[in-house]
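Engineer: here's a sequence, model it:
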Amino acid sequence: MNRSDDLLAGLDDIDWAALGHAYGNAEDVPGQLRAVCGPDEEARESAFRSLFGNIFHQGTRYSASPHAVPFLARIAVAGPAGARANALMLLTRLAVDWHDEYDLPLGIDTAAWRAAAISPEETLSWYDEQIAAETDEERLKNLREGRAYCAAGHPVDGREGALRSYDAVRVQLPVLLDLLGDRDPEIRTETAYLLGWFPEEADATLSPLLACLDGEEEPVCAATVLVAVGLLADHDPGGRLRHHLDHEHPLPRWAAATALTRIRVVHPAAAPGLPPAQRIAAELAAFGARPAPEPATVHHAGDLHSYTVRSLLHLMNAAEDLDGVLLGIVRSLPGIEQTAYVPRPLAVRAEELLDALFDPGDTVPVFTELSRGRRELLRVLAELLTAEDFQSMPFGSDLHERFTQYGLPGTRPALRAYAGLPAEGEDPTAPLPDPWELLRNH
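Structural biologist: Model (predicted):
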(Lines give C-alpha, C1' and ligand atoms only; values in the text may rest on other atoms or scores of the structure.)
Protein backbone atom coordinates (compact mmCIF):
# COMPACT_ATOMS: atom_id res chain seq x y z
CA MET A 1 0.00 0.00 0.00
CA ASN A 2 2.33 2.72 -1.19
CA ARG A 3 0.55 4.45 -4.06
CA SER A 4 -1.96 7.21 -3.58
CA ASP A 5 -4.65 5.22 -5.37
CA ASP A 6 -4.13 2.38 -2.88
CA LEU A 7 -4.20 4.73 0.11
CA LEU A 8 -7.38 6.39 -1.11
CA ALA A 9 -9.24 3.37 -2.47
CA GLY A 10 -12.97 3.96 -1.98
CA LEU A 11 -12.61 7.70 -1.53
CA ASP A 12 -14.97 8.51 -4.38
CA ASP A 13 -17.56 6.00 -3.18
CA ILE A 14 -18.47 8.39 -0.36
CA ASP A 15 -21.04 11.12 -1.01
CA TRP A 16 -18.90 13.89 0.49
CA ALA A 17 -21.28 16.61 -0.70
CA ALA A 18 -23.96 15.14 1.57
CA LEU A 19 -21.61 15.31 4.54
CA GLY A 20 -20.70 18.43 6.44
CA HIS A 21 -17.77 20.09 8.16
CA ALA A 22 -17.10 23.48 9.76
CA TYR A 23 -17.53 25.43 6.53
CA GLY A 24 -20.43 23.67 4.86
CA ASN A 25 -20.54 20.51 2.77
CA ALA A 26 -17.44 18.33 2.70
CA GLU A 27 -16.91 18.02 -1.05
CA ASP A 28 -13.42 19.57 -0.68
CA VAL A 29 -12.19 16.82 1.67
CA PRO A 30 -11.28 14.30 -1.11
CA GLY A 31 -9.06 16.86 -2.80
CA GLN A 32 -7.34 17.63 0.50
CA LEU A 33 -6.73 13.94 1.17
CA ARG A 34 -5.29 13.53 -2.32
CA ALA A 35 -2.95 16.46 -1.73
CA VAL A 36 -1.83 14.84 1.52
CA CYS A 37 -0.77 11.79 -0.47
CA GLY A 38 0.96 13.79 -3.17
CA PRO A 39 4.67 14.49 -3.72
CA ASP A 40 4.52 18.25 -3.05
CA GLU A 41 5.51 18.84 0.58
CA GLU A 42 4.12 22.39 0.69
CA ALA A 43 0.80 21.20 -0.75
CA ARG A 44 0.68 18.39 1.82
CA GLU A 45 1.16 20.80 4.71
CA SER A 46 -1.47 23.15 3.33
CA ALA A 47 -3.93 20.27 2.93
CA PHE A 48 -3.37 19.14 6.51
CA ARG A 49 -4.00 22.64 7.79
CA SER A 50 -7.24 22.71 5.82
CA LEU A 51 -8.31 19.32 7.17
CA PHE A 52 -7.60 20.41 10.74
CA GLY A 53 -9.68 23.50 10.19
CA ASN A 54 -12.71 21.84 8.64
CA ILE A 55 -13.17 18.28 10.00
CA PHE A 56 -11.70 19.21 13.40
CA HIS A 57 -12.58 22.85 13.91
CA GLN A 58 -11.58 24.04 17.39
CA GLY A 59 -12.36 20.59 18.72
CA THR A 60 -15.72 20.07 17.01
CA ARG A 61 -16.26 16.94 14.94
CA TYR A 62 -18.75 16.84 12.04
CA SER A 63 -20.53 14.25 9.91
CA ALA A 64 -17.54 14.13 7.53
CA SER A 65 -14.99 13.61 10.31
CA PRO A 66 -15.32 9.84 10.88
CA HIS A 67 -15.40 9.20 7.13
CA ALA A 68 -11.91 10.67 6.78
CA VAL A 69 -10.48 8.41 9.50
CA PRO A 70 -9.80 5.22 7.45
CA PHE A 71 -7.86 7.20 4.85
CA LEU A 72 -5.82 8.99 7.50
CA ALA A 73 -5.03 5.63 9.08
CA ARG A 74 -3.75 4.30 5.75
CA ILE A 75 -1.65 7.43 5.31
CA ALA A 76 -0.20 6.95 8.80
CA VAL A 77 0.80 3.40 7.91
CA ALA A 78 2.06 3.79 4.35
CA GLY A 79 1.76 7.39 3.23
CA PRO A 80 4.53 9.78 2.23
CA ALA A 81 7.21 10.11 4.90
CA GLY A 82 6.30 13.72 5.58
CA ALA A 83 2.61 12.96 6.03
CA ARG A 84 2.57 10.01 8.41
CA ALA A 85 3.18 11.81 11.71
CA ASN A 86 0.66 14.51 10.78
CA ALA A 87 -1.91 11.83 10.02
CA LEU A 88 -1.39 10.27 13.46
CA MET A 89 -1.68 13.65 15.14
CA LEU A 90 -4.94 14.43 13.33
CA LEU A 91 -6.30 10.97 14.17
CA THR A 92 -5.59 11.67 17.85
CA ARG A 93 -7.36 15.02 17.75
CA LEU A 94 -10.33 13.53 15.89
CA ALA A 95 -10.56 10.89 18.60
CA VAL A 96 -10.14 12.89 21.78
CA ASP A 97 -10.15 16.62 21.14
CA TRP A 98 -8.01 18.40 23.80
CA HIS A 99 -8.52 15.85 26.58
CA ASP A 100 -4.95 16.50 27.73
CA GLU A 101 -6.20 19.48 29.70
CA TYR A 102 -9.26 18.06 31.42
CA ASP A 103 -8.63 14.29 31.64
CA LEU A 104 -5.03 14.08 32.86
CA PRO A 105 -3.60 12.65 35.02
CA LEU A 106 -6.35 10.05 35.50
CA GLY A 107 -7.15 9.36 31.84
CA ILE A 108 -10.26 9.44 29.72
CA ASP A 109 -13.56 8.13 31.12
CA THR A 110 -15.24 6.66 28.06
CA ALA A 111 -18.06 5.11 30.07
CA ALA A 112 -19.15 8.52 31.35
CA TRP A 113 -18.73 9.99 27.88
CA ARG A 114 -20.94 7.35 26.30
CA ALA A 115 -23.55 7.69 29.04
CA ALA A 116 -23.74 11.48 28.58
CA ALA A 117 -23.99 11.44 24.77
CA ILE A 118 -27.48 11.92 23.30
CA SER A 119 -28.16 9.57 20.41
CA PRO A 120 -29.63 10.76 17.08
CA GLU A 121 -32.75 8.74 17.86
CA GLU A 122 -33.23 10.61 21.13
CA THR A 123 -32.63 13.91 19.38
CA LEU A 124 -35.18 13.13 16.66
CA SER A 125 -37.72 12.11 19.30
CA TRP A 126 -37.16 15.42 21.10
CA TYR A 127 -37.68 17.34 17.86
CA ASP A 128 -40.91 15.45 17.17
CA GLU A 129 -42.26 16.33 20.62
CA GLN A 130 -41.36 20.00 20.21
CA ILE A 131 -42.82 20.20 16.70
CA ALA A 132 -46.08 18.60 17.84
CA ALA A 133 -46.49 21.16 20.62
CA GLU A 134 -45.24 24.30 18.84
CA THR A 135 -47.71 26.85 17.48
CA ASP A 136 -45.41 29.73 16.53
CA GLU A 137 -44.63 29.50 12.81
CA GLU A 138 -41.08 30.88 13.02
CA ARG A 139 -40.05 28.53 15.84
CA LEU A 140 -41.79 25.67 14.06
CA LYS A 141 -39.76 26.37 10.94
CA ASN A 142 -36.52 26.34 12.94
CA LEU A 143 -37.45 23.10 14.65
CA ARG A 144 -38.21 21.40 11.34
CA GLU A 145 -34.90 22.57 9.91
CA GLY A 146 -33.07 21.24 12.96
CA ARG A 147 -34.84 17.90 12.68
CA ALA A 148 -34.00 17.64 8.98
CA TYR A 149 -30.35 18.41 9.75
CA CYS A 150 -30.25 15.63 12.34
CA ALA A 151 -32.15 13.19 10.11
CA ALA A 152 -29.59 13.78 7.35
CA GLY A 153 -26.93 12.28 9.61
CA HIS A 154 -25.30 15.40 11.02
CA PRO A 155 -24.44 15.27 14.73
CA VAL A 156 -26.44 17.65 16.90
CA ASP A 157 -25.12 16.66 20.31
CA GLY A 158 -21.40 17.50 20.42
CA ARG A 159 -20.56 14.53 22.64
CA GLU A 160 -22.27 12.10 20.30
CA GLY A 161 -20.61 13.67 17.27
CA ALA A 162 -17.21 13.36 18.93
CA LEU A 163 -17.90 9.71 19.79
CA ARG A 164 -18.46 8.91 16.11
CA SER A 165 -14.93 10.01 15.32
CA TYR A 166 -13.52 8.39 18.46
CA ASP A 167 -15.05 5.05 17.56
CA ALA A 168 -13.94 5.40 13.93
CA VAL A 169 -10.35 5.75 15.14
CA ARG A 170 -10.87 2.89 17.58
CA VAL A 171 -11.75 0.60 14.67
CA GLN A 172 -8.36 1.41 13.09
CA LEU A 173 -6.24 0.58 16.15
CA PRO A 174 -5.38 -3.00 15.06
CA VAL A 175 -3.77 -1.58 11.91
CA LEU A 176 -2.05 1.26 13.77
CA LEU A 177 -0.56 -1.04 16.42
CA ASP A 178 2.09 -2.17 13.96
CA LEU A 179 3.48 1.36 13.96
CA LEU A 180 4.90 0.77 17.45
CA GLY A 181 7.63 -1.14 15.65
CA ASP A 182 8.28 1.54 13.04
CA ARG A 183 11.87 2.60 12.35
CA ASP A 184 10.98 6.25 12.82
CA PRO A 185 10.90 7.19 16.55
CA GLU A 186 8.45 10.01 15.84
CA ILE A 187 5.96 7.51 14.43
CA ARG A 188 6.41 5.20 17.43
CA THR A 189 5.93 8.15 19.77
CA GLU A 190 2.80 9.50 18.04
CA THR A 191 1.29 6.00 17.99
CA ALA A 192 1.93 5.44 21.70
CA TYR A 193 0.41 8.82 22.49
CA LEU A 194 -2.73 7.93 20.52
CA LEU A 195 -3.14 4.50 22.14
CA GLY A 196 -3.19 5.92 25.68
CA TRP A 197 -6.64 7.40 25.03
CA PHE A 198 -8.39 4.06 24.40
CA PRO A 199 -8.88 2.28 27.75
CA GLU A 200 -11.53 0.00 26.23
CA GLU A 201 -8.79 -1.49 24.04
CA ALA A 202 -6.25 -1.98 26.83
CA ASP A 203 -6.28 -5.77 26.54
CA ALA A 204 -5.14 -5.50 22.93
CA THR A 205 -2.74 -2.58 23.23
CA LEU A 206 -0.80 -3.08 26.47
CA SER A 207 1.33 -5.97 25.23
CA PRO A 208 2.46 -4.15 22.05
CA LEU A 209 3.20 -1.04 24.10
CA LEU A 210 5.36 -3.03 26.51
CA ALA A 211 7.10 -4.71 23.60
CA CYS A 212 7.86 -1.27 22.18
CA LEU A 213 9.27 -0.23 25.55
CA ASP A 214 11.75 -3.10 25.59
CA GLY A 215 14.99 -1.82 24.16
CA GLU A 216 13.59 1.64 23.30
CA GLU A 217 16.55 4.04 23.33
CA GLU A 218 14.74 7.26 22.44
CA PRO A 219 13.79 8.97 25.76
CA VAL A 220 10.75 10.82 24.38
CA CYS A 221 9.32 7.63 22.89
CA ALA A 222 10.03 5.61 26.04
CA ALA A 223 8.37 8.29 28.19
CA THR A 224 5.31 8.46 25.94
CA VAL A 225 4.92 4.67 26.08
CA LEU A 226 5.27 4.71 29.88
CA VAL A 227 2.53 7.32 30.29
CA ALA A 228 0.28 5.38 27.90
CA VAL A 229 0.82 2.18 29.91
CA GLY A 230 -0.07 4.05 33.08
CA LEU A 231 -3.26 5.37 31.51
CA LEU A 232 -4.36 1.89 30.44
CA ALA A 233 -3.09 -0.58 33.05
CA ASP A 234 -4.63 -1.54 36.39
CA HIS A 235 -1.26 -2.63 37.86
CA ASP A 236 2.45 -2.32 37.16
CA PRO A 237 2.89 -5.00 34.47
CA GLY A 238 5.98 -7.04 35.24
CA GLY A 239 7.37 -4.19 37.34
CA ARG A 240 8.24 -2.26 34.17
CA LEU A 241 7.12 1.07 35.57
CA ARG A 242 9.04 0.60 38.84
CA HIS A 243 12.12 -0.33 36.83
CA HIS A 244 12.01 2.93 34.86
CA LEU A 245 12.04 5.03 38.03
CA ASP A 246 15.80 4.42 37.86
CA HIS A 247 16.22 5.28 34.17
CA GLU A 248 19.31 7.31 33.35
CA HIS A 249 17.25 10.03 31.65
CA PRO A 250 14.89 12.27 33.72
CA LEU A 251 12.03 12.16 31.20
CA PRO A 252 11.36 8.39 31.42
CA ARG A 253 11.77 8.62 35.22
CA TRP A 254 9.09 11.32 35.29
CA ALA A 255 6.86 9.27 32.98
CA ALA A 256 7.19 6.17 35.16
CA ALA A 257 6.29 8.18 38.27
CA THR A 258 3.35 9.75 36.43
CA ALA A 259 2.10 6.35 35.31
CA LEU A 260 2.45 4.87 38.80
CA THR A 261 0.53 7.80 40.28
CA ARG A 262 -2.42 7.18 38.02
CA ILE A 263 -2.50 3.44 38.78
CA ARG A 264 -2.26 4.09 42.53
CA VAL A 265 -5.18 6.55 42.42
CA VAL A 266 -7.51 4.75 40.00
CA HIS A 267 -6.69 1.19 41.11
CA PRO A 268 -5.91 1.40 44.84
CA ALA A 269 -5.97 -2.41 45.12
CA ALA A 270 -2.71 -2.40 43.16
CA ALA A 271 -0.96 -0.15 45.71
CA PRO A 272 0.78 -2.97 47.67
CA GLY A 273 2.60 -3.96 44.48
CA LEU A 274 3.74 -0.43 43.68
CA PRO A 275 6.67 1.63 44.98
CA PRO A 276 5.84 3.73 48.07
CA ALA A 277 3.97 6.95 47.36
CA GLN A 278 6.90 8.82 48.89
CA ARG A 279 9.28 7.39 46.28
CA ILE A 280 6.95 8.29 43.43
CA ALA A 281 6.38 11.78 44.80
CA ALA A 282 10.11 12.35 45.20
CA GLU A 283 10.70 11.62 41.52
CA LEU A 284 7.90 13.94 40.45
CA ALA A 285 9.15 16.67 42.78
CA ALA A 286 12.69 16.34 41.44
CA PHE A 287 11.41 16.67 37.89
CA GLY A 288 9.26 19.67 38.80
CA ALA A 289 12.20 21.50 40.33
CA ARG A 290 14.12 21.47 37.03
CA PRO A 291 13.34 22.91 33.59
CA ALA A 292 11.53 20.36 31.45
CA PRO A 293 13.91 18.49 29.13
CA GLU A 294 13.76 19.26 25.44
CA PRO A 295 12.39 17.55 23.54
CA ALA A 296 9.68 16.19 25.83
CA THR A 297 6.41 14.35 25.47
CA VAL A 298 3.36 16.23 24.19
CA HIS A 299 1.16 15.32 27.15
CA HIS A 300 -0.70 18.27 28.64
CA ALA A 301 0.25 20.19 25.47
CA GLY A 302 3.88 19.90 26.55
CA ASP A 303 3.31 21.66 29.88
CA LEU A 304 4.75 18.83 31.95
CA HIS A 305 5.07 20.94 35.09
CA SER A 306 1.28 21.38 35.19
CA TYR A 307 0.95 17.64 34.68
CA THR A 308 3.39 17.09 37.55
CA VAL A 309 1.47 19.40 39.88
CA ARG A 310 -1.76 17.51 39.20
CA SER A 311 -0.10 14.15 39.83
CA LEU A 312 1.45 15.36 43.09
CA LEU A 313 -1.94 16.62 44.25
CA HIS A 314 -3.31 13.10 43.85
CA LEU A 315 -0.41 11.66 45.86
CA MET A 316 -0.83 13.96 48.84
CA ASN A 317 -3.31 11.74 50.65
CA ALA A 318 -1.20 8.63 50.09
CA ALA A 319 2.19 10.04 51.09
CA GLU A 320 3.23 10.14 54.75
CA ASP A 321 4.94 13.54 54.44
CA LEU A 322 2.08 15.71 53.14
CA ASP A 323 4.06 18.92 53.51
CA GLY A 324 6.98 17.36 51.66
CA VAL A 325 4.74 16.60 48.67
CA LEU A 326 3.29 20.09 48.83
CA LEU A 327 6.78 21.60 48.74
CA GLY A 328 7.40 19.51 45.62
CA ILE A 329 4.33 21.16 44.11
CA VAL A 330 5.67 24.58 45.09
CA ARG A 331 8.96 23.88 43.32
CA SER A 332 7.06 22.83 40.18
CA LEU A 333 4.99 26.00 39.84
CA PRO A 334 7.64 28.28 38.26
CA GLY A 335 8.00 25.86 35.36
CA ILE A 336 4.33 25.95 34.31
CA GLU A 337 3.97 27.10 30.71
CA GLN A 338 1.20 28.78 28.74
CA THR A 339 -0.39 26.51 26.15
CA ALA A 340 -2.58 27.14 23.15
CA TYR A 341 -5.77 26.34 25.04
CA VAL A 342 -4.86 27.50 28.57
CA PRO A 343 -3.60 31.08 28.31
CA ARG A 344 -3.40 31.49 32.12
CA PRO A 345 -2.23 28.06 33.31
CA LEU A 346 -0.79 29.16 36.65
CA ALA A 347 -4.10 30.79 37.61
CA VAL A 348 -5.93 27.57 36.73
CA ARG A 349 -3.48 25.46 38.74
CA ALA A 350 -3.80 27.92 41.64
CA GLU A 351 -7.56 27.36 41.71
CA GLU A 352 -7.05 23.59 41.87
CA LEU A 353 -4.52 23.95 44.69
CA LEU A 354 -6.73 26.25 46.74
CA ASP A 355 -9.68 23.89 46.34
CA ALA A 356 -7.58 20.94 47.50
CA LEU A 357 -5.68 22.56 50.37
CA PHE A 358 -7.94 25.12 52.02
CA ASP A 359 -11.36 25.12 53.65
CA PRO A 360 -13.94 27.87 53.09
CA GLY A 361 -13.80 30.53 55.77
CA ASP A 362 -15.18 33.95 56.62
CA THR A 363 -12.00 35.13 58.36
CA VAL A 364 -8.42 35.28 57.15
CA PRO A 365 -6.40 32.44 58.72
CA VAL A 366 -3.31 33.49 60.63
CA PHE A 367 -0.43 33.04 58.19
CA THR A 368 2.04 31.78 60.78
CA GLU A 369 -0.44 29.12 61.90
CA LEU A 370 -0.62 27.53 58.47
CA SER A 371 1.52 24.47 57.74
CA ARG A 372 4.90 25.11 56.18
CA GLY A 373 3.78 23.74 52.83
CA ARG A 374 0.72 26.01 52.70
CA ARG A 375 2.80 29.04 53.69
CA GLU A 376 5.33 28.33 50.94
CA LEU A 377 2.53 27.77 48.42
CA LEU A 378 0.96 31.16 49.15
CA ARG A 379 4.36 32.86 49.01
CA VAL A 380 5.20 31.43 45.60
CA LEU A 381 1.73 32.23 44.26
CA ALA A 382 2.13 35.82 45.52
CA GLU A 383 5.44 35.96 43.64
CA LEU A 384 4.32 34.33 40.38
CA LEU A 385 0.71 35.39 39.86
CA THR A 386 0.16 38.72 38.11
CA ALA A 387 -2.39 41.40 38.82
CA GLU A 388 -4.20 40.29 35.62
CA ASP A 389 -4.53 36.74 37.01
CA PHE A 390 -6.78 38.14 39.73
CA GLN A 391 -9.08 39.87 37.25
CA SER A 392 -12.47 38.23 36.90
CA MET A 393 -12.07 37.80 33.16
CA PRO A 394 -15.11 36.47 31.26
CA PHE A 395 -14.63 32.82 30.28
CA GLY A 396 -11.43 32.64 32.34
CA SER A 397 -10.47 31.72 35.88
CA ASP A 398 -12.05 33.64 38.74
CA LEU A 399 -9.06 33.65 41.04
CA HIS A 400 -10.09 36.66 43.13
CA GLU A 401 -13.33 34.97 44.20
CA ARG A 402 -11.53 31.67 44.80
CA PHE A 403 -9.03 33.26 47.20
CA THR A 404 -11.72 35.15 49.10
CA GLN A 405 -13.85 32.00 49.30
CA TYR A 406 -11.16 30.50 51.50
CA GLY A 407 -10.75 33.64 53.61
CA LEU A 408 -7.53 34.60 51.83
CA PRO A 409 -6.55 37.99 50.34
CA GLY A 410 -8.04 38.33 46.88
CA THR A 411 -5.61 40.74 45.22
CA ARG A 412 -1.93 40.35 44.46
CA PRO A 413 -0.76 43.25 46.67
CA ALA A 414 -2.86 42.04 49.60
CA LEU A 415 -1.62 38.46 49.13
CA ARG A 416 1.99 39.67 49.06
CA ALA A 417 1.48 41.62 52.27
CA TYR A 418 -0.21 38.61 53.90
CA ALA A 419 2.70 36.34 52.92
CA GLY A 420 5.26 38.82 54.28
CA LEU A 421 6.59 39.90 50.87
CA PRO A 422 7.55 43.52 50.13
CA ALA A 423 5.03 45.75 48.37
CA GLU A 424 5.54 46.58 44.70
CA GLY A 425 3.80 49.93 44.45
CA GLU A 426 0.27 48.52 44.21
CA ASP A 427 -2.52 49.48 46.58
CA PRO A 428 -3.77 46.28 48.28
CA THR A 429 -7.12 47.97 49.07
CA ALA A 430 -7.82 49.20 45.53
CA PRO A 431 -10.93 47.62 43.91
CA LEU A 432 -10.48 45.30 40.96
CA PRO A 433 -11.22 46.80 37.53
CA ASP A 434 -14.36 45.85 35.64
CA PRO A 435 -13.33 42.85 33.47
CA TRP A 436 -15.66 43.92 30.67
CA GLU A 437 -13.98 47.32 30.63
CA LEU A 438 -10.62 45.56 30.30
CA LEU A 439 -11.92 43.69 27.27
CA ARG A 440 -13.27 46.85 25.68
CA ASN A 441 -9.90 48.55 26.13
CA HIS A 442 -8.04 45.69 24.47
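Engineer: for residue 211, what are its contacts?
Structural biologist: By C-beta atoms under 8 Å, 6 or more residues apart in numbering, the contact set of residue 211 is 180, 181. (Each C-beta comes from the backbone N, C-alpha and C, glycine too.)
Engineer: mind checking how far it is from residue 263?
Structural biologist: Distance, residue 211 to residue 263, by C-beta to C-beta, to the nearest Å: 19 Å.
Engineer: over to residue 406?
Structural biologist: The gap separating residue 406 from residue 263 is 31 Å, by C-beta to C-beta.
Engineer: which of the two has more neighbours?
Structural biologist: It is residue 263, of residue 406 and residue 263, that has more neighbours when counted by other C-beta atoms under 10 Å, with 24 against 16.
Engineer: show me the contacts for that one.
Structural biologist: Counting by C-beta under 8 Å, 6+ apart, residue 263 touches 230, 233, 234, 235, 236, 241, 270, 274.
Engineer: is it correct that the second one is in contact with residue 206?
Structural biologist: Yes - Residue 233 is in contact with residue 206 according to C-beta atoms under 8 Å; the separation is 6.1 Å.
Engineer: which one of those two is surrounded by more residues?
Structural biologist: Using other C-beta under 10 Å, the more surrounded residue of residue 233 and residue 206 is residue 233, with 23 against 17.
Engineer: tell me who's in contact with that one.
Structural biologist: The contact partners of residue 233, by C-beta under 8 Å, 6+ apart, come to 202, 206, 259, 263.
Engineer: let's see that with 10 Å instead.
Structural biologist: 199, 202, 206, 209-210, 240-241, 259-260, 262-263, 266-267, 270 (C-beta atoms under 10 Å, 6 or more residues apart in numbering).
Engineer: just the buried residues of those residues.
Structural biologist: Buried residues within the contacts of residue 233, defined by neighbour count using 16 or more other C-beta atoms under 10 Å: 199, 202, 206, 209, 210, 240, 241, 259, 260, 262, 263, 266.
Engineer: show me which of the residues you listed is closest to residue 9.
Structural biologist: The closest of these to residue 9 turns out to be residue 209 (C-beta to C-beta; 29.6 Å).
Engineer: verify the contact between that closest one and residue 241 for me.
Structural biologist: No - checked against C-beta atoms under 10 Å, the pair residue 209 and residue 241 is beyond contact range at 11.7 Å.
Engineer: which element, helix or strand, includes residue 6?
Structural biologist: helix 4-7 (DSSP states H and E).
Engineer: following that helix in sequence, what is the next regular element?
Structural biologist: Reading on from helix 4-7 to the C-terminus, the next helix or strand found by DSSP H and E is strand 20-21.
Engineer: what helices and strands are in contact with that next one?
Structural biologist: helix 41-55, helix 65-78 (3 or more C-beta pairs under 10 Å, 6 or more residues apart in numbering; DSSP states H and E).
Engineer: worst average pLDDT in these?
Structural biologist: Across the helices and strands packed on strand 20-21, helix 41-55 has the smallest mean pLDDT, namely a mean of 94.
Engineer: any low-confidence regions in the protein?
Structural biologist: 1-5, 392-397, 425-442 (pLDDT under 70).
Engineer: change it to 50
Structural biologist: Counting by pLDDT under 50, the chain contains low-confidence ranges at 1, 395, 435-442.
Engineer: domains for it, by residue range?
Structural biologist: 1-103+157-180, 118-151, 182-342, 343-442 (automatic domain parsing).
Engineer: could the ones you listed go into JSON lines alongside distance to residue 110?
Structural biologist: Below are those laid out as JSON lines (distance: least, C-beta to C-beta, whole Å):
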{"stretch": "domain 1-103+157-180", "distance to residue 110": "8"}
{"stretch": "domain 118-151", "distance to residue 110": "16"}
{"stretch": "domain 182-342", "distance to residue 110": "6"}
{"stretch": "domain 343-442", "distance to residue 110": "23"}
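Engineer: follow-up on the earlier one: any chance of the contacts of residue 263 in TSV, with secondary structure and distance to residue 320 too?
Structural biologist: Shown next, in TSV, are the contacts of residue 263 (DSSP: H, G, I helix; E, B strand; the rest coil; distance: C-beta to C-beta, whole Å):
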residue	secondary structure	distance to residue 320
230	helix	22
233	coil	25
234	coil	24
235	coil	22
236	coil	20
241	helix	21
270	helix	19
274	coil	15
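Engineer: can you tell me which of the contacts of residue 233 is nearest residue 193?
Structural biologist: Nearest to residue 193 among the contacts of residue 233: residue 209, at 11.0 Å, using C-beta to C-beta.
Engineer: can you tell me the SS state at the closest one?
Structural biologist: Under DSSP: H, G, I helix; E, B strand; the rest coil, residue 209 falls in the helix class.
Engineer: so how far is residue 262 from it?
Structural biologist: 15 Å.
Engineer: coming back round to it: which of the domains of the chain is buried the deepest?
Structural biologist: Ranked by mean neighbour count under mean count of other C-beta atoms under 10 Å, the domains of the chain are led by domain 182-342, which reaches a mean of 20.
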